[in-house]
Structures are given as structure tokens and as C-alpha cells.
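Undergrad: one predicted model, sequence on top.
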Amino acid sequence: MSTPAPKAAQGDAKHLYTIVVLGASGDLAKKKTFPALFGLFKNQYLNRKTHIIGYARTKMDRATFEGHITKYIKLKTNEDKAALPKFLELCSYQDGQYDRDADFQNLEKRMVEVEKSSGATARLFYMALPPSVFIPVATSLKKNNYKKGVVIRLIVEKPFGMDLESSRQLAKELGALFSEDEIYRIDHYLGKEMVKNLMILRFANVIFGSVWNRHSIDNVQITFKEKIGTEGRGGYFDEFGIIRDVMQNHLLQILTLIAMESPVSLQAEDVRDEKVKVLRFIPPIAKEDVLLGQYTKSADGKEPGYLDDKTVPAGSKTPTYAAATLYIHNERWSGVPFVLKCGKALDQQKTEIRIQFRDIPGNLFSNLARNEIVIRVQPNEAVYVKMMNKEPGLGMKTIISDLDLSYSSRFNDSVIPEAYESLILDSLNEDHSNFVRDDELDAAWKIFTPILKTIDRREIDPVPYAYGSRGPAGVTDFVAKHGYKRSEQEYVWPQHSEASKEAKGQDQKGEKEQKKDLKTDH
Ligand SMILES: NC(=O)C1=CN([C@@H]2O[C@H](COP(=O)(O)OP(=O)(O)OC[C@H]3O[C@@H](n4cnc5c(N)ncnc54)[C@H](OP(=O)(O)O)[C@@H]3O)[C@@H](O)[C@H]2O)C=CC1
Ligand SMILES: O=C1O[C@H](COP(=O)(O)O)[C@@H](O)[C@H](O)[C@H]1O
């Protein structure tokens with residue numbers, strides 16, 4: 001879903017761009033990049049003269065290219081249907097190798113041609129490519145498509161390296177070709193609505209400021225769950241594993257925004273300075289603070305195990321699930337465990353942040369549950385605060401209740417933009433605040449590299465868990481060991497909105513999942 005542009009902002013980037021999507025034949029391009037560009041186009045965030053050129057090695061005729069880039073575009077309204085042919089008029093495709101100058105010169109000719117008609121003076125290169133070709137492509141672009149006086153932007157997808165050394169090497173090689181100002185390292189979680197909301201929740205509400213520290217908060221849980229397995233991405237995934245795929249980037253970015261100090265301003269460098277600072281207070285993750293898992297066939301035998309994927313090497317020990325506890329050794333957070341958990345082929349799809357407060361001192365009441373602030377990143381965006389209340393009626397019985405800001409009911413008329421729309425727009429507007437800076441990356445890899453090396457040496461065995469289950473046995477004990485206290489009272493998060501009812505109605509299987517989802521769950 002995308003949001004209509006306020007009038008003043010329509011197609012209003014400082015420069016008029018030509019956009020080149022490298023790797024246009026791939027999965028990311030079809031699922032995210034082109035749908036996001038269409039979202040921006042139809043809502044008039046993209047100047048109507050912005051040409052988009054797809055580039056990859058695969059030979060594709062016009063019809064195949066159009067089929068590929070429109071496969072995941074959802075046409076919900078008549079306006080959407082009317083906008084699509086106009087969008088496609090701006091899109092074209094050019095095949096070529098990633099290291100052949102002649103092919104990049106052909107691309108240059110095409111760019112010059114479209115720029116003659118559009119008057120564009122800026123170029124955005126989106127690298128929707130596997131990391132193995134980042135440098136050959138960046139080198140070819142620099143040599144053949146980098147013009148003095150033309151504004152150049154380069155969006156680079158994660159993973160940015162495999163560990164500290166390879167990330168530094170990549171940074172060095174990329175840095176020799178493009179300046180830090182020109183590079184936009186994308187982490188699409190930074191474009192998600194609820195992740196972007198974190199700074200406002202924290203720094204625009206006086207009620208949270210005084211409790212946002214070790215004196216009041218007992219532990220923080222950041223959870224990413226996916227129902228799908230590697231599904232066709234096994235080759236890529238096996239090389240990286242779940243920690244490099246999700247935890248070291250998406251979950252760590254969330255942690256940073258939860259834990260950092262207030263920036264001096266909302267300027268990109270001020271925000272990123274604070275993010276780097278908090279990362280530097282985190283020591284490398286200890287072996288005893290990690291739990292790994294790998295999924296096996298589903299209990300009914302219908303869904304394949306990780307090792308059944310033909311692109312996964314036999315006997316692979318790559319984790320598809322990981323839980324890790326990080327500590328921040330500064331005055332605000334000393335002693336507070338930040339538990340990051342992520343996994344594929346689990347019982348449900350959700351990403352959420354759960355901030356659990358300390359026990360109430362004294363024994364005035366019994367059967368108390370801890371306060372929790374839950375920030376539901378996806379699906380069904382919400383912020384709710386679990387709190388104790390008097391059960392209505394005679395007597396003084398306590399009951400867990402909540403202050404519930406479910407977006408589907410509170411912001412009923414709003415549509416939530418896709419993360420990629422938001423980030424591509426930021427790059428067109430030259431706003432780096434939601435992109436990863438080189439020193440931020442360095443600090444992140446310092447936290448993860450030692451444990452990743454231990455895992456790569458196969459010193460931690462992943463615990464098997466069935467496809468569709470809640471993860472490896474031991475997760476509940478792991479989070480309990482790191483501070484999380486389950487309440488004895490059952491708690492249900494009520495979702496009142498029609499939207500969520502509708503979503504549930506559409507998918508009976510989904511409904512069952514949804515019900516489980518309502519309970520406090522790992
Ligand atoms: N897919 C996703 O959901 C997400 C992907 N990403 C990141 O985005 C980037 C692209 O991902 P994705 O689209 O899934 O990747 P793909 O595997 O689909 O690769 C994209 C394109 O790159 C070319 N390519 C693939 N393998 C190689 C190779 N070994 N050497 C040279 N070219 C190759 C292919 O194009 P051709 O053969 O036509 O040249 C392919 O269509 C990656 O860095 C990934 O980590 C990030 C978040 C989510
Ligand atoms: O970067 C990645 O993220 C996706 C999950 O993204 P989401 O926006 O659907 O939550 C994950 O599936 C993929 O493995 C990973 O590379």
C-alpha cells in the first residue's frame with residue numbers, strides 16, 4: 001500500500017533523475033524495487049519524466065520484461081489501473097554483462113537518449129544484485145556512466161560483506177569509486193512505518209523519557225518470525241545464515257533506535273552519530289548468549305526441511321533460527337538484556353519489539369504481570385502497553401489490560417507506505433538518515449563477527465525444529481534466562497479493527513495463526 005503525496009511534495013526531488021535498476025531480472029527487482037517505483041509514480045512522488053532502465057544479463061523481450069516487473073504490482077483502484085501503462089512507458093530494459101565496458105557504453109547511450117527527452121541531470125543506480133557483483137558493477141559504472149557535473153547516487157543492497165574484514169574490504173573498494181555521499185546502503189527495515197515511528201515515540205512523548213532506562217526496564221525482546229522457509233533462496237541463504245540475513249542488520253537497526261540517545265537534530269549525520277555511539281557500547285556476543293536452530297520437515301511431513309532444499313549443501317549446519325542476547329555497557333542500559341530472535345519456517349509471521357518493565361516493588365497486590373510496551377512492526381502495525389487494571393465489579397482483583405493503539409482502527413483512513421517506497425524517495429531527496437553509514441556498519445560487524453566465526457567453525461550445533469513450529473526447544477528457557485518473565489494470567493491482545501477481521505476472513509489458516517498471535521508469544 002502506498003500513501004498519496006501531499007500536494008507540495010509531488011515529484012519534488014531536488015534533481016530530475018534517470019533510474020537504472022541493475023539486476024532487473026531478479027527477485028528483489030520484481031518483488032520490491034519495481035512495485036515501489038510504481039507506488040511512487042502513481043502517487044506523484046516520482047517526476048513524470050523519470051525514466052527507469054532495467055539492466056541484467058538475461059535476454060528479455062519487451063513483453064517478458066513487462067511481465068516480470070509487473071508481476072507483484074497490485075492494482076487496487078481504477079487510478080492504479082490507469083497509471084500502470086503510463087508507468088511502463090517510462091520503463092525500458094537493456095541486457096548486458098556486469099563487467100563488459102561495451103555493454104555499459106550501450107547503457108550509457110540509452111541513458112543519454114532518455115535524458116535528452118527528459119532533461120534529467122541526475123542518475124540513481126539501484127544495485128538489486130548479489131554482493132559478488134557489487135564491485136565489478138560499481139567499477140563498470142564509474143568507468144562508463146559517471147559524468148562530471150551529473151549527480152550520481154548508488155543504492156547498495158545488503159549484505160554488506162560477510163564479516164568485519166570483508167565489509168571493510170567492500171567499503172574500501174566501493175569508497176575508491178564513489179564518495180560516502182553518493183552511496184546509499186539500504187536496510188529496508190529502516191523504511192518500515194513502525195521503525196520510523198520509534199524516534200517519535202521515544203523523543204516526542206514525555207511519558208516514556210523518564211522510564212526508558214535500566215532503572216525501569218528489565219529486558220527488551222526484538223522478534224522476527226517468518227512462516228516461509230528459504231524457498232528458492234537456499235543457495236544464497238546457506239552462505240549467509242539467519243544472523244547475517246536478518247539479525248546483524250534489520251534487528252540490530254531496531255535495537256539501535258530503541259537504545260540510542262536523542263540526536264542533536266533530525267539531520268542524517270546527527271541521527272547516525274547517535275546510532276554509531278550506542279553500537280560502540282555493545283561488546284561482541286558471547287557464545288553462551290546464543291541459541292541456534294535449523295528447520296526440519298513439518299510435523300505432517302508436507303513442508304520440506306531446510307536440508308531438503310536442493311540448493312543447500314548436504315549436511316549444512318547453517319542456522320535458520322537464532323536467538324542472541326546483547327548488552328549495552330553504558331549508563332542507561334547496563335545490565336539490561338536485549339534479546340534478538342529471528343527465524344524462518346516458524347508458526348507465524350511477525351516482527352515486534354517487546355519492552356518489559358521491572359516488577360512492582362512491595363506486595364500490595366498479588367498476581368501482577370509486568371508492564372510491557374509492545375511495538376508491532378508487522379503485520380497489523382500497533383503500539384500497545386500492557387498494564388494492570390482493576391477487574392470491573394465488586395472486589396479488588398487485578399487483571400492485565402492494555403492501552404491499544406492499533407493502526408487499523410486508529411488510522412483507519414491511512415495507508416502505510418511500503419518500506420522500499422519510503423527509502424527510494426529518501427534517496428531521491430538525498431536524505432541519508434535512514435541509510436547505513438560506513439562506520440555504523442563497522443561497529444555492527446564488530447559485535448557479530450566473533451560469534452559468526454564460531455558458528456562458521458561449526459562450534460555451535462543448531463537445534464532442529466519442525467517447519468511451522470515455534471522454533472527450537474529451549475527458546476522459552478533462553479528468554480527466561482535472559483530476564484523475560486511470562487505472566488501467570490492469560491493475556492489476549494484484542495484487535496478491534498474491521499481491517500484485521502477482514503484479513504482474518506480472507507484466510508482461514510491465517511485466522512488460526514492470528515488467534516495464536518493474540519497471545520503473548522515468542
Ligand atoms: N529478494 C529479496 O527479497 C531481498 C533481497 N535483498 C538483496 O538484494 C540483492 C538482490 O537480491 P535478489 O534479487 O534476491 O537476487 P537474485 O539472485 O534474484 O539476483 C538478481 C539478479 O542478479 C543476477 N545474478 C544472480 N546471481 C548472479 C551471479 N552469481 N553472478 C552475476 N549475476 C548474478 C541475475 O540476473 P542476470 O542473470 O539476468 O544478470 C539475477 O536476476 C541481494 O544483495 C539480496 O541480498 C535484500 C532484501 C530482500
Ligand atoms: O532482508 C530480508 O528480509 C526479508 C524479510 O523482509 P520483510 O520486509 O518481508 O519482513 C527476509 O525474508 C529475507 O530473508 C531477508 O534477506
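TA: Everything's here; your move. Numbers count the residues shown, from 1 in each chain. Ligands and ions are numbered 1, 2, ... in the order given.

Undergrad: following the helix or strand where Ser409 lies, which helix or strand shows up next?
TA: Following DSSP states H and E, one finds Ser409 within helix 407-410. Once helix 407-410 ends, the next helix or strand along the chain (criterion: DSSP H and E) is helix 419-428.

Undergrad: elements contacting that following helix?
TA: With contacts taken as 3 or more C-beta pairs under 8 Å, 6 or more residues apart in numbering; DSSP states H and E, helix 419-428 sits against helix 34-42, strand 122-127, strand 151-156, strand 183-185, helix 193-196. Every C-beta, even on glycine, is put in place using the N, C-alpha and C of the backbone.

Undergrad: and the average pLDDT for it is what?
TA: The pLDDT scores in helix 419-428 average 96.

Undergrad: report whether it contacts ligand 1.
TA: No: between helix 419-428 and ligand 1, judged by C-beta under 6 Å from any ligand atom, nothing touches; the nearest distance is 9.2 Å.

Undergrad: chain center to that helix, what's the gap?
TA: 13 Å (C-alpha atoms, centre = their mean, to the nearest Å).

Undergrad: can you list contacts of it?
TA: 2, 13, 15, 17, 32-33, 35-37, 39-40, 45-46, 124, 126, 153, 155, 184, 186, 188-193, 196, 432-435 (C-beta atoms under 8 Å, 6 or more residues apart in numbering).

Undergrad: ditto for stretch 454-465
TA: Outside stretch 454-465, the residues that reach it (C-beta under 8 Å, 6+ apart) are 241, 243, 287, 290-296, 317-321, 343, 471-474.

Undergrad: filter the residues you listed down to the buried ones and hand me the ChimeraX line.
TA: Selection of buried members from these for ChimeraX, criterion 16 or more other C-beta atoms under 10 Å:
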select :241,243,290,291,292,293,294,295,296,317,318,319,320,321,343,471,472
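
Undergrad: next up, the contacts around Ile222.
TA: Contacts of Ile222 (C-beta under 8 Å, 6+ apart): 251, 254-255, 258, 338-341, 352-354.

Undergrad: so how far is the strand or helix carrying it off the chain centroid?
TA: Using DSSP H and E, Ile222 sits in strand 217-225. Per C-alpha atoms, centre = their mean, the displacement of strand 217-225 from the mean C-alpha position of its chain is 16 Å.

Undergrad: then stretch 73-91?
TA: Taking mean C-alpha positions (C-alpha atoms, centre = their mean), stretch 73-91 and its chain are 26 Å apart.

Undergrad: could you list the buried residues of it?
TA: 73, 80, 83-84, 87-88, 90-91.

Undergrad: so is the closest residue to Arg202 other than its chain neighbours in a helix, a strand, or just coil?
TA: Leaving out its chain neighbours, the residue that sits closest to Arg202 by C-beta to C-beta, 6 or more residues apart in numbering is Phe208, at 6.0 Å. Secondary structure state of Phe208, per DSSP: H, G, I helix; E, B strand; the rest coil, is helix.

Undergrad: next one: Phe208, what pLDDT does it get?
TA: Looking at Phe208, its pLDDT reads 94.

Undergrad: same check on Thr520?
TA: Thr520 is given a pLDDT of 43.

Undergrad: quick check: closest non-adjacent residue to the residue in the chain positioned nearest to ligand 2.
TA: Distances between the chain and ligand 2 by C-beta to the nearest ligand atom are smallest at Asp245, namely 4.7 Å. In space, and not counting its chain neighbours, Asp245 is closest to Phe237: 6.4 Å by C-beta to C-beta, 6+ apart.

Undergrad: what does the stretch 151-300 of the chain have sitting close to ligand 2?
TA: Close to ligand 2, as judged by C-beta under 6 Å from any ligand atom, the stretch 151-300 of the chain has residues 188, 226, 245-246.

Undergrad: what two of these are the furthest from one another?
TA: His188 and Glu226 (14.2 Å; C-beta to C-beta).

Undergrad: wait, Leu107 sits on Thr18?
TA: No: here Leu107 does not reach Thr18: they are 10.5 Å apart, not a contact under C-beta atoms under 8 Å.

Undergrad: now do the shared contacts for the two.
TA: Ile53.

Undergrad: for Glu352, give the beta-bridge partners.
TA: Thr223, Arg376 (DSSP bridges).

Undergrad: for burial, what's the neighbour tally of Lys453?
TA: 12 (other C-beta atoms under 10 Å).

Undergrad: dihedrals phi and psi, it?
TA: phi -70, psi -40 (degrees, to the nearest 10).

Undergrad: so what's it up against?
TA: So Lys453 contacts Asp163 (C-beta under 8 Å, 6+ apart).

Undergrad: need the contact list for Thr256.
TA: With C-beta under 8 Å, 6+ apart, Thr256 has these contacts: 275, 278-279.

Undergrad: mind listing what's buried in stretch 409-416?
TA: Residues of stretch 409-416 classed as buried: Ile416 (neighbour count, 16+ other C-beta under 10 Å).

Undergrad: end-to-end on it?
TA: For stretch 409-416, the first-to-last residue distance is 13 Å (C-alpha to C-alpha, to the nearest Å).

Undergrad: could you do stretch 156-166 as well?
TA: 15 Å.

Undergrad: ditto for stretch 248-261
TA: End-to-end for stretch 248-261, by C-alpha to C-alpha: 20 Å.

Undergrad: just checking the distance from that stretch to the centre of its chain.
TA: With C-alpha atoms, centre = their mean, you get 11 Å for stretch 248-261.

Undergrad: equivalent analysis for stretch 21-35, please.
TA: Distance, stretch centre to chain centre, for stretch 21-35: 17 Å (C-alpha atoms, centre = their mean).

Undergrad: average pLDDT for that stretch?
TA: 97.

Undergrad: now swap in stretch 280-299 and tell me
TA: Computed over stretch 280-299, the average pLDDT equals 98.

Undergrad: next: stretch 247-265.
TA: 98.

Undergrad: same check, this time on stretch 440-456
TA: For stretch 440-456, the mean confidence score works out to 97.

Undergrad: pLDDT wise, what is Arg244 at?
TA: 97.

Undergrad: ignoring the adjacent residues along the chain, who's closest to it?
TA: Arg244's closest residue in space is Pro159 (C-beta to C-beta, 6+ apart), at 5.5 Å.

Undergrad: check the gap between that neighbour and Leu174 for me.
TA: As judged by C-beta to C-beta, to the nearest Å, Pro159 and Leu174 stand 14 Å apart.

Undergrad: out of those two, which sits in the more crowded spot?
TA: Leu174 (23 against 17).

Undergrad: how many neighbouring residues does the residue in the stretch 251-400 of the chain that ligand 1 sits nearest to have?
TA: When scored by C-beta to the nearest ligand atom, the stretch 251-400 of the chain has Thr311 as its residue closest to ligand 1, at 10.9 Å. Other residues near Thr311 come to 12 when the count uses other C-beta under 10 Å.

Undergrad: now do the one 5 residues further on
TA: Residues contacting Ser316 under the criterion other C-beta under 10 Å number 18.

Undergrad: nearest residue to it other than its sequence neighbours?
TA: Ser316 sits nearest to Asp238 (C-beta to C-beta, 6+ apart), 5.5 Å away.

Undergrad: checking the one you found next. Helix, strand or coil?
TA: Going by three-state DSSP: Asp238 is helix.

Undergrad: so what pLDDT did it get?
TA: At Asp238, pLDDT is 95.

Undergrad: same thing with Gly232?
TA: We have a pLDDT of 75 for Gly232.

Undergrad: do the same with Glu488
TA: Value listed for Glu488 in the pLDDT field: 83.

Undergrad: is there a neighbour count for it? I'd like the number.
TA: Neighbour number of Glu488 under other C-beta under 10 Å is 10.

Undergrad: narrow the contacts of Ile222 to those in helices?
TA: 254-255, 258 (DSSP state H).

Undergrad: in CSV: these, plus neighbour count.
TA: As requested, the ones in helices among the contacts of Ile222 are arranged in CSV below (neighbours: other C-beta atoms under 10 Å):
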residue, neighbour count
Ile254, 27
Leu255, 25
Ile258, 22
